[in-house]
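Sequence first, then the predicted structure, then my questions.
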Amino acid sequence: MMDIITTRWLHIKKHLLSILFWAVFPIFFTWIIISGTEAIQDQSSIPVGIILEEDSDLAVQLKEKLDSSDLIRVIDMENETEARQMVATHELDSAFIIKDGYSAAIEAGQRNRLITSYRTDLSMGYTPVVEMIASFVQEDSGKSKTAYTIMNLGETLNSSSIPDYNEIISKIYSIEESENLIFTNFTLLGEDADTTTGFSLFENPWGLWSIIALLSTFFLFDWLIKERNASVRIRFIFNRFSFQQYLICNLLLYSFGLLLLDIITWGAFHVLYGEGFDISQFVYILSFRLTICILVFLIGLAFKKLLPYYITAVLIILVTLIISGIILPMDGVYESYPWVAALNPLRQIVYEEWWSGWTFIGPICLIAWYVKGVYNNATGN
Amino acid sequence: MQLEINNVSKSFGKKKVLENLSFEVNSGEIIGLVGENGAGKSSLLHILATISKADSGNIRLGKWAYGKNRKQLRRLVGFVPQDIALWEDMSVEENMLFFEKLSWINRSKVELKQLCEDMELLKWKEPVHTLSGGMKRKLNMAISLIHNPDLLLLDEPTVGIDLRSKKEIAGYLKRTAKVDNKMIMYTSHDMDEIQSICDAVVCIGNDPFYENLLREANMKIISI
């Protein structure tokens, strides 16, 4: 294998820049797109200053709820004067001070004068934020009122086990979660639960990365077309390695090299986006990498010229995007033709599966191609 | 070592290119294959190189019979293709190193460089695409000699190159046949070259024009 590595290096050093470009392209492109998307989202959201005068659970929850909104970007402030100044200079759209005693007031069912706000004539986000805060306060005070009603009822009825305030509030949250209509699936009796097979490109970095990794693999494997059609091919008859063996060794070499890069990518995603670092994820990456390397290799074997190969690579990426449900919703197609979802070469990464149909089809075709080559070599065809 | 060819025939469809061809070649001999285009010279070289098979007849190189012992035979055979078979973007050194790594035997860089210098190929670091046709032909041949074959087959090795390169290649072939005791078979349309290099000639295609030409030149004809 060392000899094959040396021969590969002789080729690689002639195209070092382009190979390096395609090798690091998936991780850099993913990072740029995700960073860019986040920056655009940050820039397009309204900056709102929040000052917490108390650190009660209810006050912190209110701030977190505001923070989870896509419309606004919450900026933690410590000082009211500074916040007012920033509103005046339009660095902040508006500022809200959750006053000391907020939690006690909510628990007491009081809904007036809980929050102080500052705005200017140009504060476009003020009204929606006020509406949002009013709705959250209403929700919290409603829960609080419910808790006190239950506790009072228990006392009136001399119940032996009256739940305390916190128990009732946490029960309300659990009921809300389990009966949330937005996230509830309904199925007819006897039917399987609907499983969505499409995926969001930006849900996690792996979705975007897997598409770009497939594209870069196609471009990194163009050596196959160049070398298969080179005049030197005849020389392999008189070498220790047959041409088939030479290609297979290079396939293994590239797969191993790209797998190492994938592991580095995995580490980078762990640091940048907090992606999981467990053995299952490694198996998904390994299975994905081997599958796409073998598929790209087999596709490359069908081409004699580079241009049709590159065009086919781009078309395959487009088809993959379509059958992944990124461009158009594909749920209806998946219901009628479930095999369409199975064709997706990115399954292992996107749906976190250990294998897909291609994991078996690829190696079987590869073995068939190799055996055919050995037979032709032996018979002189 | 001896190469024995007995009653070898080869057809492509209805066209017979080789018919009951028989001759023998010994170590140290240079045999020229002559005949008109399409007569079967390259076909015979391809059969001897184990790239294709004869339809009938027996061939034996040393103790190995053709047909079953391809792997062993390929270690003994060096084939110089008619087309330049080189990595154009690599240097002379890199081309030699590339094929040495894939070869059956290990050769040091010094040995590889010496092999090129023996053929007057001195541009060791130059990229192949900057070399002249003659230099490329020499490198084409040098690569085929890396595994030190006993039988060297050359398909028109001097076509389209300048006179100086022709002379240098011819000189090298004579030296390697006599000094290294190698069998050399090669095709050419240049009768002067055949006459100056070859010990004997195989005239392929039963063409009276070539037979007369060879007789006039007092060439030893070992098979017609």
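Good, I have the coordinates.

Quick check: the gap between A:Pro363 and chain B.
According to Cβ to the nearest Cβ, to the nearest Å, A:Pro363 stands 25 Å off from chain B. Backbone N, C-alpha and C define where each C-beta goes, glycine included.

Please could you give me each C-alpha atom of stretch B:200-214, formatted as CSV?
Taking C-alpha atoms only, stretch B:200-214 is exported to CSV below (Å, rounded to 0.1, in the frame of the first residue of the first chain):
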residue,chain,number,x,y,z
ALA,B,200,17.6,-11.5,-38.4
VAL,B,201,14.2,-10.5,-39.8
VAL,B,202,10.7,-12.1,-39.7
CYS,B,203,8.8,-11.0,-42.8
ILE,B,204,5.1,-11.0,-42.0
GLY,B,205,2.4,-11.2,-44.6
ASN,B,206,4.1,-13.1,-47.4
ASP,B,207,4.7,-9.9,-49.3
PRO,B,208,7.2,-10.4,-52.2
PHE,B,209,8.1,-6.7,-52.1
TYR,B,210,9.5,-7.0,-48.6
GLU,B,211,11.1,-10.4,-49.3
ASN,B,212,13.0,-9.1,-52.3
LEU,B,213,14.0,-6.0,-50.3
LEU,B,214,15.4,-8.1,-47.5
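
Which positions in it come out as buried?
Going by neighbour count (16 or more other Cβ atoms under 10 Å in any protein chain shown), the buried part of stretch B:200-214 is B:Ala200, B:Val201, B:Val202, B:Cys203, B:Ile204, B:Gly205, B:Tyr210, B:Glu211, B:Leu213, B:Leu214.

And the strands in the chain?
If you meant another chain, say so; for now it's chain A. With DSSP state E as the criterion, chain A has strands at A:46-52, A:72-77, A:94-98, A:115-119.

Please refer instead to chain B.
Using DSSP E, strands in chain B cover B:2-12, B:15-26, B:30-34, B:56-61, B:64-65, B:77-80, B:151-155, B:183-187, B:200-203, B:221-223.

neighbouring contacts of the longest one?
Going back to what we said before, that points to strand B:15-26. Residues outside strand B:15-26 that contact it (Cβ atoms under 8 Å, 6 or more residues apart in numbering or on different chains): B:1-11, B:31, B:38-40, B:43-44, B:47, B:54, B:57, B:151, B:183, B:185, B:202, B:204, B:222-223.

of the residues you listed, buried ones?
B:3, B:5, B:8, B:10, B:31, B:39-40, B:43-44, B:47, B:54, B:57, B:151, B:183, B:185, B:202, B:204, B:222-223.

Going by distance to A:Glu275, which of the buried residues of stretch B:200-214 wins?
Taking Cβ to Cβ as the measure, A:Glu275 lies nearest B:Ile204 of the buried residues of stretch B:200-214, at 69.2 Å.

Hmm, that closest one is touching B:Ser42, no?
No - taking contacts as Cβ atoms under 8 Å, B:Ile204 lies outside contact range of B:Ser42: 9.9 Å.

what does chain A put close to chain B?
Applying Cβ under 8 Å from any Cβ of the partner chain, we find that chain A lies next to chain B at A:3-4, A:6-7, A:10-11, A:14, A:230-241, A:246, A:377-380.

Give me the buried entries from those.
Among the residues of chain A next to chain B, those scoring as buried are A:3-4, A:7, A:10-11, A:232, A:234-241, A:246, A:377 (criterion: 16+ other Cβ under 10 Å).

Out of these, give me the two with the largest separation.
The most widely separated members of these, counting by Cβ to Cβ, are A:Leu10 and A:Asn377 (24.4 Å).

Could I get the contacting residues of B:Leu115?
Residues in contact with B:Leu115, defined by Cβ under 8 Å, 6+ apart, are B:Met96, B:Arg107, B:Ala142, B:Leu145, B:Ile146.

And the pLDDT for the first one?
Reading off the confidence values, B:Met96 has pLDDT 95.

do the same with the one 5 residues further on
We note a pLDDT of 93 for B:Lys101 in this prediction.

Look at it and say how many residues are nearby.
Look at B:Lys101: counted by other Cβ atoms under 10 Å in any protein chain shown, it has 21 neighbours.

For the buried residues of stretch B:200-214, please prepare a markdown table with the additional fields distance to A:Asn204.
A markdown table is the format used below for the buried residues of stretch B:200-214 (distance: Cβ to Cβ, whole Å):
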| residue | distance to A:Asn204 |
| --- | --- |
| B:Ala200 | 75 |
| B:Val201 | 74 |
| B:Val202 | 71 |
| B:Cys203 | 75 |
| B:Ile204 | 69 |
| B:Gly205 | 71 |
| B:Tyr210 | 75 |
| B:Glu211 | 80 |
| B:Leu213 | 79 |
| B:Leu214 | 78 |
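
Of those, just say which sits nearest to chain A.
Checking these against chain A with Cβ to the nearest Cβ, the nearest one is B:Ile204 at 20.4 Å.

Look up how far B:Met185 lies from the closest one.
For B:Ile204, the distance to B:Met185 (Cβ to Cβ, to the nearest Å) stands at 11 Å.

which residues are in contact with both of those two?
What both B:Ile204 and B:Met185 touch, as defined by Cβ under 8 Å, 6+ apart, is the set B:Leu33.

Now do the same contact list for residue 10.
Assuming you mean chain A. Counted by Cβ under 8 Å, 6+ apart, A:Leu10 has contacts B:Trp87, B:Met90, B:Glu94, B:Leu97, B:Phe98.

please go with chain B instead
Applying Cβ under 8 Å, 6+ apart, the residues near B:Lys10 are B:Lys16, B:Val17, B:Leu18, B:Gly40, B:Ser43, B:Leu44, B:Ile47, B:Ser52, B:Ala54, B:Asp55.

hang on, the earlier thing: with A:Pro205 as the reference, name the closest of the strands of chain B.
strand B:77-80 (52.0 Å).

so what strands line up beside the closest one?
According to DSSP bridges, strand B:77-80 forms sheet pairs with strand B:151-155 (parallel).

Now do the partner strand against strand B:56-61, angle only.
Using axes from the mean of the first three to the mean of the last three Cα atoms, to 10 degrees, the inter-axis angle of strand B:151-155 relative to strand B:56-61 is 120 degrees.

ok, and what's touching strand B:151-155?
Strand B:151-155 has contacts (Cβ under 8 Å, 6+ apart) with B:1, B:3, B:25, B:41-42, B:45, B:48-49, B:61, B:76-82, B:141, B:144-145, B:173, B:176, B:182-187.

Just give me the longest helix of chain B.
helix B:163-179 (DSSP state H).

Buried residues of it, list them for me.
By 16+ other Cβ under 10 Å, the buried positions in helix B:163-179 come out as B:Ser165, B:Lys166, B:Glu168, B:Ile169, B:Ala170, B:Tyr172, B:Leu173, B:Lys174, B:Thr176, B:Ala177.

The nearest residue to B:Gln82 once chain neighbours are set aside: neighbour count?
What sits nearest to B:Gln82 in space, not counting adjacent residues and going by Cβ to Cβ, 6 or more residues apart in numbering or on different chains, is B:Asp155, at 4.1 Å. For B:Asp155, the count of nearby residues is 20 (other Cβ under 10 Å).

Could you check how far B:Asp155 is from A:Trp9?
Taking Cβ to Cβ as the measure, B:Asp155 falls 31 Å from A:Trp9.

Appreciated, that's everything.
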